[in-house]
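K.L.:
Next input, structure requested:
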Amino acid sequence: MADVKLPMEGTCRCGQVRLRITAPPLATAACHCTGCQRMSSSAFSLTAIIPSEGFSVIQGEPVEGGLQGGETHHYFCPRCMSWMFTRAEGMDEFVNIRPTMLEDPTALSTPFIETYASEKLPWAVTGARHSFETFPPMEAFGPLIAEYAAQS
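P.N.:
Just a heads-up that it's a prediction; the model follows:
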């Protein structure tokens, strides 16, 4: 993992919505599910899992988009529609940001975990240290977070 220099700020493509992180990530990931493929228009989406208290929107008002009405809430810039971050119901302690929104995404863009490998495109390779067919079981998150922290 690259050295994370905090705070870090980022913006959507048009600059209307800005975000800031002030806490180091718990882990980084790539998700290969077809939903992420479609929302990112790519083979996978990248995520940095940030503690909620270390995340804030500092400019603009993101809107919910993507698949709506479920337990996962995806937030976008209302103007350029950049997918910026995701919150999951019942998991209020963290927020998943898209590291490519950061001014310098280098430190948080290498996936440590990949999820939904069962849906990945055959040519998509992330180099993630851990790969899961769907999501990791809940009991795996503690050891994964500890391992990620130990490598920094």
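K.L.:
Relative to the whole chain's centre, how far out is the top helix by length along the chain?
P.N.:
Once the chain is assigned using DSSP state H, the helix that runs over the most residues is helix 138-150. Relative to the centre of its chain, helix 138-150 is centred 16 Å away, using C-alpha atoms, centre = their mean, to the nearest Å.
K.L.:
Please apply the same query to stretch 47-54.
P.N.:
Its chain's C-alpha centre and that of stretch 47-54 lie 8 Å apart, by C-alpha atoms, centre = their mean.
K.L.:
Check stretch 129-139 too.
P.N.:
15 Å.
K.L.:
Now it: buried residues?
P.N.:
Of all the residues in stretch 129-139, those buried under the rule 16 or more other C-beta atoms under 10 Å are His130, Ser131, Phe132, Pro136. C-beta here means a position set from N, CA and C on the backbone, and glycine is covered the same way.
K.L.:
and the nearest residue to the last one once chain neighbours are set aside, how far is that from Thr72?
P.N.:
What that stands for is Pro136. Spatially, and ignoring its direct neighbours in sequence, Pro136 is nearest to Leu144 (6.4 Å; C-beta to C-beta, 6 or more residues apart in numbering). As for Leu144, its distance to Thr72 is 19 Å (criterion: C-beta to C-beta, to the nearest Å).
K.L.:
Equivalent analysis for Ala27, please.
P.N.:
Distance, Ala27 to Thr72, by C-beta to C-beta: 17 Å.
K.L.:
Contacts only, for Cys12.
P.N.:
Contacts for Cys12 were tallied using C-beta atoms under 8 Å, 6 or more residues apart in numbering; they are Arg18, Gly60, Phe76, Cys77, Arg79, Cys80, Ser82, Met84, Met101.
K.L.:
thinking again about what came up before, who has more neighbours, Leu144 and Thr72?
P.N.:
Neighbour count, other C-beta atoms under 10 Å: between Leu144 and Thr72, Leu144 has more, with 19 against 15.
K.L.:
how about the buried residues of stretch 129-139, which pair is most distant?
P.N.:
Ser131 and Pro136 (9.8 Å; C-beta to C-beta).
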